[in-house]
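Engineer: Okay, structure incoming, though there's no sequence with it:
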Ligand SMILES: O=C(O)C[C@H](Nc1ncnc2c1ncn2[C@@H]1O[C@H](COP(=O)(O)O)[C@@H](O)[C@H]1O)C(=O)O
């Protein structure tokens, strides 16, 4: 049996195959039919504006000879995209097979629906006779840029951002829970000044929140100004209309986007480059988190909760592998490579237009899909770990040499105050601590051997690796 003979069709790529359930939410906004449906929304809203005008023109028809649409006609037009389902997808595809032009096929699909209007609205509806208003004065990119912007905006606001914020919220809650849980640091992979687990998570919360702020302030631009951005065709048809005002009204108030007044045939896609760069940056921060947590698990700082019935290794029965963090790592990498390509290539177009952006933009769903998949696995991974207090305490207790730093720094302060015997503090501590195993007793004897004032000596002797965490716990409050 050939796999290509199986119906429904078997997906080639993992996003729509193996991982479909985790990426399906984006289908509503970034799939091919979602784009075509949005194109229909743009086309019919443009018709409604042309027929019914807007406040600044006294709600008069912008195109002479067209009667304002009735409420029922407007509802009929708006139902065209809303009812676009399996049958509509096939009908659109049939038009595209002939036109070899996807936007023209949308136009013809709408024409077909207008022909059916009398069945719903009665014989006196003007809809079948105003087909010429469909795509009036538009170039395909007028429709494409607006529908793409709206699809991407919806995908971000309704799917990607809520999942991203859920990760931040989870990390923030854990940062607070573990704000005072002391932990050994490793700089260059070597034992270093202790911190708290909560503070280390809060660093990620702070970093991710910065990207969240950028994403929430992201502009989504749109244009509707004709074949080369000059309103030439608009003016040729209706010279007395203020088309610039109509364009601004449509993009801003009807489409909910930021109006771009100055373009070639294409909207310049700079906002897309900005957005994808920020998402890629957020991906990379979370990739860093995946790697860190993976290594904490490997060290035993985090323990994983075994999933009942699940297998870690096919041959080593004892294992619980950190597969969700590894999956997230890999998918963040794929997402970044696609987002980087989109950000780099979309900002270039030959003269007034080439069509490379059309092909490129068909991969926005994949770029965000890989990221969504990674977010999903990261969340699953984060929910399945908890700190292993025994390992954390043992690591701290095995590394008393980390107290070399507070001792030598306190010695410096005493030297500055003129206390005797405090010269060359760094060198003295280094001699004692570097390359030796240091016990609590060694630290105490060293402190006793120096002429600290009573208060400083008591402070230093009270320090342990587990209490030498500065104000780490309090810093968690700054994570937002
Ligand atoms: O309004 C216009 O169409 C103006 C025209 N420019 C075009 N603008 C937008 N789309 C166009 C254009 N040309 C082709 N197509 C259609 O784009 C589709 C490209 O397919 P794909 O590479 O799969 O993304 C595929 O469906 C193509 O047919 C121009 O000549 O300047």
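Structural biologist: Great, that's in hand. Quick caveat: nothing in here was measured; it's all calculated off a predicted structure.
Engineer: tell me the contacts of the residue nearest to the spatial centre of the chain?
Structural biologist: Centroid-nearest residue in the chain: residue 279, 4.4 Å away (criterion: C-alpha atoms, centre = their mean). By C-beta atoms under 8 Å, 6 or more residues apart in numbering, the residues touching residue 279 are 160, 215, 335, 339, 367, 368, 371. Yep, even glycine has a C-beta here, placed from its N, CA and C like the rest.
Engineer: Tell me the confidence at residue 10?
Structural biologist: Looking at residue 10, its pLDDT is 97.
Engineer: And the residue nearest to the centre of the chain, how far from the ligand?
Structural biologist: 22 Å (C-beta to the nearest ligand atom, to the nearest Å).
Engineer: Confirm that residue 183 lies within a helix, as I assumed.
Structural biologist: No: counting by DSSP: H, G, I helix; E, B strand; the rest coil, residue 183 is not part of a helix but strand.
Engineer: Neighbours of it, how many?
Structural biologist: Other residues near residue 183 come to 25 when the count uses other C-beta atoms under 10 Å.
Engineer: before we move on, what about the one 10 residues further on?
Structural biologist: Neighbour count for residue 193, taken as other C-beta under 10 Å: 17.
Engineer: Now do the contacts for whichever residue of the stretch 301-450 of the chain sits closest to the ligand.
Structural biologist: With C-beta to the nearest ligand atom, the shortest gap between the stretch 301-450 of the chain and the ligand falls at residue 358, namely 3.4 Å. By C-beta under 8 Å, 6+ apart, the contact set of residue 358 is residue 144.
Engineer: and with 10 Å instead?
Structural biologist: Each residue near residue 358 by C-beta atoms under 10 Å, 6 or more residues apart in numbering is listed here: 102, 103, 140, 141, 144, 148, 266.
Engineer: That one: which element?
Structural biologist: helix 356-361 (DSSP states H and E).
Engineer: mind listing what's buried in that helix?
Structural biologist: 357, 358, 360, 361 (16 or more other C-beta atoms under 10 Å).
Engineer: Same question for stretch 437-457.
Structural biologist: Here stretch 437-457 shows 438, 442, 443, 446, 447, 450, 452, 456, 457 as buried, counting by 16+ other C-beta under 10 Å.
Engineer: Isn't the third one up against residue 403?
Structural biologist: Yes: when contacts are counted by C-beta atoms under 10 Å, residue 443 is listed as touching residue 403 (5.4 Å).
Engineer: overlap in contacts of those two?
Structural biologist: By C-beta under 10 Å, 6+ apart, the residues touching both residue 443 and residue 403 are 433, 460, 463, 464, 465.
Engineer: Quick check: the two most widely separated of those residues?
Structural biologist: Greatest spatial distance in the shared contacts of residue 443 and residue 403: 433 and 464, 15.3 Å, computed using C-beta to C-beta.
Engineer: and those two? which has more neighbours close in?
Structural biologist: residue 433 (21 against 16).
Engineer: counting contacts, what elements does the helix or strand where residue 209 lies pack onto?
Structural biologist: In the assignment (DSSP H and E), residue 209 maps to helix 197-216. If contacts are counted by 3 or more C-beta pairs under 10 Å, 6 or more residues apart in numbering; DSSP states H and E, helix 197-216 sits against helix 161-177, strand 182-187, helix 270-299, helix 472-475.
Engineer: Tell me how far residue 62 lies from residue 259.
Structural biologist: Distance, residue 62 to residue 259, using C-beta to C-beta, to the nearest Å: 17 Å.
Engineer: My error: substitute residue 376 in the last question.
Structural biologist: Counting by C-beta to C-beta, the gap from residue 376 to residue 259 is 35 Å.
Engineer: for residue 199, same thing?
Structural biologist: Distance from residue 199 to residue 259, by C-beta to C-beta: 44 Å.
Engineer: Looking at the two, which has the bigger crowd around it?
Structural biologist: residue 199 (25 against 18).
Engineer: picking that back up, for the contacts of residue 358, which two are the farthest from each other?
Structural biologist: 102 and 266 (15.4 Å).
Engineer: of those two, who's got more company?
Structural biologist: Shown here are residue 102 and residue 266; by other C-beta under 10 Å, residue 266 has more neighbours (23 against 19).
Engineer: ok, the more buried one touching residue 272?
Structural biologist: No: Residue 266 is beyond contact range of residue 272, at 11.1 Å (criterion: C-beta under 10 Å).
Engineer: Find residues that contact each of those two.
Structural biologist: By C-beta under 10 Å, 6+ apart, the residues touching both residue 266 and residue 272 are 145, 346, 357.
Engineer: My guess is the last one contacts residue 267. True?
Structural biologist: Yes: at 9.3 Å, residue 357 counts as touching residue 267 under the criterion of C-beta under 10 Å.
Engineer: anything in contact with each of the two?
Structural biologist: 141, 144, 145, 148.
Engineer: Name the secondary structure element that contains the last one.
Structural biologist: Put plainly, it is residue 148. helix 140-154.
Engineer: Can you read off the pLDDT for the residue in the chain sticking out farthest from the centre?
Structural biologist: The outermost residue of the chain, judged against the average C-alpha position, is residue 420 (58.3 Å), by C-alpha atoms, centre = their mean. The per-residue pLDDT reported for residue 420 equals 87.
Engineer: what do you get for the one 4 residues further on?
Structural biologist: Residue 424 is assigned 92 on the pLDDT scale.
Engineer: so it touches residue 450, yeah?
Structural biologist: No: Residue 424 is beyond contact range of residue 450, at 11.9 Å (criterion: C-beta under 10 Å).
Engineer: shared neighbours, those two?
Structural biologist: residue 411.
Engineer: Tell me if I am right that residue 11 is in a helix.
Structural biologist: No: according to three-state DSSP, residue 11 belongs to no helix; its state is coil.
Engineer: Going by neighbour count, list what's buried in the lowest-mean-pLDDT helix or strand in the chain.
Structural biologist: Least confident helix or strand of the chain, by mean pLDDT, DSSP states H and E, is helix 425-433 with a mean of 90. Of all the residues in helix 425-433, those buried under the rule 16+ other C-beta under 10 Å are 425, 428, 429, 432, 433.
Engineer: How far away from the center of its chain is that helix?
Structural biologist: 48 Å (C-alpha atoms, centre = their mean, to the nearest Å).
Engineer: which outside residues touch stretch 121-130?
Structural biologist: By C-beta under 10 Å, 6+ apart, stretch 121-130 touches 47, 50-51, 63, 65-70, 72-73, 75-77, 111, 113-120, 133, 136.
Engineer: let's go with 6 Å and repeat that
Structural biologist: Residues from elsewhere that reach stretch 121-130 (C-beta atoms under 6 Å, 6 or more residues apart in numbering): 66, 67, 72, 73, 76, 114, 115, 117, 118.
Engineer: Number of residues surrounding the second one?
Structural biologist: For residue 67, the count of nearby residues is 11 (other C-beta under 10 Å).
Engineer: if I look at it, how far off is residue 137?
Structural biologist: On the measure of C-beta to C-beta, residue 67 and residue 137 end up 19 Å apart.
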